[in-house]
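Enquirer: Need coordinates for the following:
(2 chains)
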Protein chains: 2
Amino acid sequence: MASLLEPFVSRERGRIESVLRDVLPAARARPVSVHRAMRYAVLSGGKRIRPLMCVMAYRACGGRGGEVYRAAAAIELIHNFTLIHDDLPCMDDDELRRGRPTVHVKFGEAVALLAGDALLSLAFELVATLAVSGGVAPGKVVGVIHEIAGAAGTRGVVGGQVVDIESEGRRVPLSTVTYIHTRKTGVLMACSLRVGGLLAGAGPRNMKALSAYGERLGLAFQIVDDVRDVSATPRELGKKRGRDVERAKATYPLVLGRAESLNRARRLAEEAKLEAVHFGKHGACFCELADYVVRRGTPQEG
Amino acid sequence: MASLLEPFVSRERGRIESVLRDVLPAARARPVSVHRAMRYAVLSGGKRIRPLMCVMAYRACGGRGGEVYRAAAAIELIHNFTLIHDDLPCMDDDELRRGRPTVHVKFGEAVALLAGDALLSLAFELVATLAVSGGVAPGKVVGVIHEIAGAAGTRGVVGGQVVDIESEGRRVPLSTVTYIHTRKTGVLMACSLRVGGLLAGAGPRNMKALSAYGERLGLAFQIVDDVRDVSATPRELGKKRGRDVERAKATYPLVLGRAESLNRARRLAEEAKLEAVHFGKHGACFCELADYVVRRGTPQEG
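Expert: As a prediction, the model looks like this:
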């Protein structure tokens, strides 16, 4: 069967890139350093998996307009805010990301910190403009903001990062690893899908399916990421291999081993795929994305 | 003439404190460290001048409801997010704030960084709840979010902090000092007032007056703060004296001297007071607040 995901991704990723370029402050606008750092961080060839999920959910729930792109871009800004802060010396102290020096290595710690802060604010400003000047009903926009703010805070990404840092060098049970991964990745992926659903006016059944799919796929994605950290080449990773082991991070491969971790990821992806039935002809895309996420864990396929 | 400001402040400050206590995550909720750090930072006896300005503007523009308190609390969360990040070692590297160890000294850098991030997200979540469950028209709520996000980003507080850090140890013209102070303080104070105005449904003339008053008073406030840094006692300051000089910060007293700086602050406060006429019987409160801000610059009155 011909892939539905590939043409979708190649079509939509270009559009997402172009919106991101447009919404980021110009590199020559004052204060120059922080604007350059923001553009450097965001426009660096990420996979854009979260904004793609947002657009996918929007189309699958019957959305036909273009307003979804600014919301999708906002989610990618949030994701990049978390990456910049996560890479800082007081956090994971990483010097490479996507094959390039991390933001604080390139621009200094203060500017990196502030560039992260600015991306978080900009994300909310951007979503607010959907109502202020974009013609979207304010009620929908508030719902989207509520969703994103919840996912970014201590019930979501920030909460996951806190427990992640605090678990370094400790023997933690699998439940703690799951807590970290669910919040660091699952919550924002589920949020990306739900934002697409909200903007398309999805009903409660579809919203529930998007949450269930996103949480499972997000957890699978993070498990595969951890497996890749110990098995992929640095070129594939765009950063040093084995950083998690060096920092004694609480990861699935550490607690369960590589093979059993990949089994869990596969099982989660299969569970996620069960939700695809709710999205009719778009369901195939959801299934293909789940398969892609798991495939990343097998080194020969990158 | 009897003061109008004093009873207003003593009445409203208690209400603001109580809303702040309510909206912050419980200290025993997981992840505990970041929630404790957030409460430690925010519930530490600040002057609450920004939320007070928000409530003052709301009442002056005819607002009678209680919805303003959550918005006012959100602005105080944003203010505390900037303080936590500003105090970090890669920024101003301050160890005392309001007479107590700063958040990173008490909780470590990683938790301080994340507590700041979480306060910023929580502020937007909190404002969004005004529409989601608070009965305020979503259009107003989106306007408030747009306003706050703009004030927090690179056109506001973050922009001011970037230029502040980059100007350390350099001879900069007065225009750069004004740029820094306007953005670090003026923009968020003007935003506090405008948010009150927006929620009260103020017309364009009143909104313009709130902006003009807030920008001028914010700049005066920051000039007085800088003068206090070289002339008040550490006990009055709640932190070490002379930190700006140590770090060779670009400040008004450095560029203009103490006396001329205070003259500027007084002139700005007088200009701010001209806007008070737009607020009828509430105008007196605006005038008293402007006088209070300048009075802080004369050590004998603290």
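
Enquirer: so where is the stretch 1-150 of chain A shaky, pLDDT-wise?
Expert: Within the stretch 1-150 of chain A, the ranges that satisfy pLDDT under 70 run A:1.

Enquirer: Strands of that one, start to end?
Expert: A:96-97, A:100-101 (DSSP state E, counting those that start in this stretch).

Enquirer: Including distance to chain B and mean neighbour count, could these go into TSV?
Expert: C-beta: built from backbone N, CA, C; applies to glycine. Shown next, in TSV, are the strands of the stretch 1-150 of chain A (distance: least, CB to the nearest CB, whole Å; neighbours: other CB atoms under 10 Å in any protein chain shown):
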stretch	distance to chain B	mean neighbour count
strand A:96-97	17	18
strand A:100-101	17	15
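
Enquirer: would you turn those into a markdown table with distance to B:Arg39?
Expert: Formatted as a markdown table, the strands of the stretch 1-150 of chain A follow (distance: least, CB to CB, whole Å):
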| stretch | distance to B:Arg39 |
| --- | --- |
| strand A:96-97 | 33 |
| strand A:100-101 | 36 |
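
Enquirer: of all those strands, which lies closest to A:Gln222?
Expert: Closest approach to A:Gln222 among those (CB to CB): strand A:96-97, 16.4 Å.

Enquirer: Please tell me how far the closest one is from the chain's geometric centre.
Expert: 16 Å (CA atoms, centre = their mean, to the nearest Å).

Enquirer: what's that strand packed up against?
Expert: Packed against strand A:96-97 by the contact rule (3 or more CB pairs under 8 Å, 6 or more residues apart in numbering or on different chains; DSSP states H and E) you find no helix or strand.

Enquirer: What is the neighbour count of the closest residue to chain B within the stretch 201-302 of chain A?
Expert: The minimum distance from the stretch 201-302 of chain A to chain B, using CB to the nearest CB, falls at A:Arg247 (12.2 Å). Neighbours of A:Arg247 under the rule other CB atoms under 10 Å in any protein chain shown: 15.

Enquirer: what do you get for the one 3 residues further on?
Expert: The local packing count at A:Ala250 equals 26, with neighbours defined by other CB under 10 Å.

Enquirer: go on, A:Leu88?
Expert: A:Leu88, neighbours per other CB under 10 Å, totals 22.

Enquirer: quick one: contacts for it?
Expert: For A:Leu88, the contact set (CB atoms under 8 Å, 6 or more residues apart in numbering or on different chains) comprises A:104, A:109, A:112-113, B:90, B:113.

Enquirer: List phi and psi for A:Gly108.
Expert: phi 90, psi 160 (degrees, to the nearest 10).

Enquirer: okay, now it: neighbour count?
Expert: Neighbour count for A:Gly108, taken as other CB under 10 Å: 16.

Enquirer: Quick check: closest non-adjacent residue to it.
Expert: Distances taken as CB to CB, 6 or more residues apart in numbering or on different chains put B:Cys90 closest to A:Gly108, at 7.8 Å, once the chain neighbours are dropped.

Enquirer: The one you found contacts A:Phe107, doesn't it?
Expert: No: using CB atoms under 8 Å, B:Cys90 is not in contact with A:Phe107, being 11.4 Å away.

Enquirer: now the residue positioned nearest the centre of chain A, nearest residue through space, not along the chain?
Expert: Against the mean C-alpha coordinate of chain A, by CA atoms, centre = their mean, the closest residue is A:Arg50 at 4.5 Å. Spatial nearest neighbour of A:Arg50, excluding adjacent residues (CB to CB, 6+ apart): A:Ser192 at 4.3 Å.

Enquirer: Which of the helices or strands spans that neighbour?
Expert: helix A:187-200 (DSSP states H and E).

Enquirer: same for the very next helix or strand once past that helix, what does it pack against?
Expert: Where DSSP H and E defines the elements, the next helix or strand beyond helix A:187-200 is helix A:204-231. With contacts defined as 3+ CB pairs under 8 Å, 6+ apart, the packing partners of helix A:204-231 are helix A:49-60, helix A:174-181, helix A:187-200, helix A:234-237, helix A:243-246, helix A:252-256, helix A:258-273, helix A:283-295.

Enquirer: how about helix A:204-231: buried residues?
Expert: A:206-207, A:209-231 (16 or more other CB atoms under 10 Å in any protein chain shown).

Enquirer: Stretch A:79-95 too?
Expert: Buried residues in stretch A:79-95 (16+ other CB under 10 Å): A:79-92, A:94.

Enquirer: now, which of these lie within helices?
Expert: A:79-87 (DSSP state H).

Enquirer: filter those down to the ones close to chain B.
Expert: Applying CB under 8 Å from any CB of the partner chain to those, one finds that A:81, A:85 fall near chain B.

Enquirer: just curious, which of the ones in helices among the buried residues of stretch A:79-95 is nearest to chain B?
Expert: Closest to chain B, out of all of those and judged by CB to the nearest CB, is A:His85, at 6.1 Å.

Enquirer: who in the stretch 101-250 of chain A is up against chain B?
Expert: A:108-111, A:113-114, A:116-118, A:120-122, A:124-125, A:128-129, A:131-132, A:137-139, A:141-143, A:145-146, A:148-150, A:152-154, A:158-159, A:161-163, A:165-166.

Enquirer: Which one of the helices and strands packed on helix A:204-231 has the poorest average confidence?
Expert: The minimum mean pLDDT among the helices and strands packed on helix A:204-231 belongs to helix A:234-237 (a mean of 76).

Enquirer: pull the CA atoms of it into CSV?
Expert: Output of helix A:234-237 as CSV, limited to C-alpha atoms (Å, rounded to 0.1, in the frame of the first residue of the first chain):
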residue,chain,number,x,y,z
PRO,A,234,26.9,9.9,16.9
ARG,A,235,26.2,10.9,13.3
GLU,A,236,22.7,9.5,13.5
LEU,A,237,22.2,11.1,16.9
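
Enquirer: Could you name the helices and strands sitting against that helix?
Expert: Helix A:234-237 packs on helix A:204-231, going by 3+ CB pairs under 8 Å, 6+ apart.

Enquirer: Let me have the contacts of A:Leu88 in TSV, extended by distance to A:Ala57.
Expert: TSV is the format used below for these (distance: CB to CB, whole Å):
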residue	distance to A:Ala57
A:His104	33
A:Glu109	36
A:Ala112	31
A:Leu113	32
B:Cys90	38
B:Leu113	31
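
Enquirer: Next step: those residues restricted to helices.
Expert: Per DSSP H, the contacts of A:Leu88 map to helices at A:104, A:109, A:112-113, B:113.

Enquirer: tell me the contacts of the closest residue in space to A:Val177 that isn't next to it in sequence?
Expert: Distances taken as CB to CB, 6+ apart place A:Ala250 nearest to A:Val177, at 4.9 Å, with adjacent residues excluded. Residues in contact with A:Ala250, defined by CB under 8 Å, 6+ apart, are A:164, A:167-168, A:170, A:172, A:176-177, A:180.

Enquirer: For burial, what's the neighbour tally of the spatially closest residue to A:Arg205 that is not a sequence neighbour?
Expert: Spatial nearest neighbour of A:Arg205, chain neighbours left out: A:His278 (6.7 Å); criterion: CB to CB, 6+ apart. When counting by other CB under 10 Å, one arrives at 20 neighbours for A:His278.

Enquirer: Could you look up the SS state of A:His278?
Expert: Using DSSP: H, G, I helix; E, B strand; the rest coil, the structure places A:His278 in helix.

Enquirer: wait, A:Val105 sits on A:Arg97?
Expert: No: applying CB under 8 Å as the test, A:Val105 and A:Arg97 come out as separate, 9.3 Å apart.
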